[in-house]
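Fold the following.
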Amino acid sequence: MTARRKATGIALVGIAPLALTVLTAAPAAAHGSMSDPVSRVSACYAEGPESPRSAACKAAVQAGGAQAFYDWNGVRDGNAGGRSKEKIPDGKLCSGGDAKFKGLDLPRADWPSSTMRAGNHTFHYRATAPHKGSFELYLTKAGYDPTKPLKWSDLESKPFAKVTDPTLTNGEYVFDGKVPARSGRHLIYSIWQRSDSPEAFYTCSDVVFGKASRGSGGSAAPAPTASAPTDAQIAAGADKSSMDMSRHGHGGTGSHTDAAPSDAVDAPAPAAGSGGSGNAAKPDGGARPAGGQRLAETGGDSSTAPMAIGGAAVLAMGAAVLFTTTRRKAARHRG
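Just a heads-up that it's a prediction; the model follows:
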């Protein structure tokens, strides 16, 4: 083998693993939210975070800022670990205990709602990044009062629907459940607990069984119908999302490192992260999935790519020096 080929081989062997790391380190998309029945955060995002139409969404933006709704797919606790009922306090279920989303916790009877009826229903959950895990859906008990803060005791103790790793169809998880009988305004609460990470996601979907009478539950008028955001709406707001609709990274600190942290994002007052640390400071768990290996659908650590590129550059420089030194030695040997 000539000196040139030997040096080139050494360079390629050294750089190849890091080049592969760079390719596989590109993070995936952010997470998701319920689309049927439509979640509160999705409904308000579809109305427009800067100028929502409904009174409830206007109040939610005023309470927590518009940024929370650009981040509609990120109502989460990065370190839930199956302990959501222990970790999320009463009155903060819809925000997942994250102050950034506190506008979702407002007790009102006029949130945009979806029509619901008892019996079999096919649920849809928009997944901007698929993850292994299970869904649990809870329905509020008879006598639920939407004008009071939502407590765990307002929900049935057991989920009426539970499914693990449901089918992903056209970007949505689709699964069936049998809805209990109710009348009037109620709420369906979902917990999506990942099995490859402690991370969990939460949604509140306001639903109406039958006809909601005028003034029902303290509302002065029937609530507007909720609509899920369209693909065009999601794409239009992607550049304003701190979650980043096209990429999702899990940093070692537990924050979503592919975007600015919530307290660094320009958002209408009050600041999105005011009143608490939010989920950004909680360990995400996604950086170390089960078995210590990254799954393609969990996303990557965005800090890995620049480290890998830097390492590859160092190896390349070393290979060049080795090539030059070997070539000179060979020349002196021939001389």
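
shaky segments in the protein?
For the chain, the stretches with pLDDT under 70 are 1-30, 212-222, 244-335.

please redo it, this time with the cut-off set to 50
Across the chain, the ranges flagged by pLDDT under 50 are 5-30, 213-220, 244-323, 326.

Pretty sure residue 104 sits in a helix.
Yes. Assessed by DSSP: H, G, I helix; E, B strand; the rest coil, residue 104 belongs to a helix.

Now residue 56: phi and psi?
Main-chain dihedrals, residue 56, degrees, to the nearest 10: phi -70, psi -40.

Excluding chain neighbours, what is closest to it?
Leaving aside its sequence neighbours, residue 56 sits nearest to residue 111 (CB to CB, 6 or more residues apart in numbering; 4.5 Å). Where C-beta positions appear, they are placed from N, C-alpha and C, glycine not excepted.

wait, isn't the one you found in contact with residue 43?
Yes. The pair formed by residue 111 and residue 43 meets the contact definition of CB atoms under 8 Å, at 7.5 Å.

anything in contact with each of the two?
Shared contacts of residue 111 and residue 43 (CB atoms under 8 Å, 6 or more residues apart in numbering): 54, 226.

Just want to know which of the two has more residues nearby.
residue 43 (31 against 28; other CB atoms under 10 Å).

Now do the contacts for that one.
Contacts of residue 43 by CB under 8 Å, 6+ apart are 54, 57, 111, 112, 226, 227, 228.

Same check on residue 40?
Counting by CB under 8 Å, 6+ apart, residue 40 makes contact with 56, 60, 94, 104, 111, 112, 203, 204, 205, 206, 226.

ok, of those residues, which one's closest to residue 144?
Closest approach to residue 144 among these (CB to CB): residue 206, at 10.8 Å.

Could you list everything the closest one pairs with in the sheet?
residue 187 (DSSP bridges).

How many residues are close by it?
27.

who's in contact with it?
Contacts of residue 206 by CB under 8 Å, 6+ apart are 37, 40, 111, 112, 113, 114, 146, 185, 186, 187, 223, 226.

Look at the first one and say how many residues are nearby.
Burial of residue 37, expressed as a neighbour count using other CB under 10 Å, amounts to 27.

swap in the fourth one?
When counting by other CB under 10 Å, one arrives at 25 neighbours for residue 112.

Grab the nearest non-local neighbour of it.
Looking at residue 112 with CB to CB, 6+ apart, the closest residue is residue 226, at 3.7 Å.
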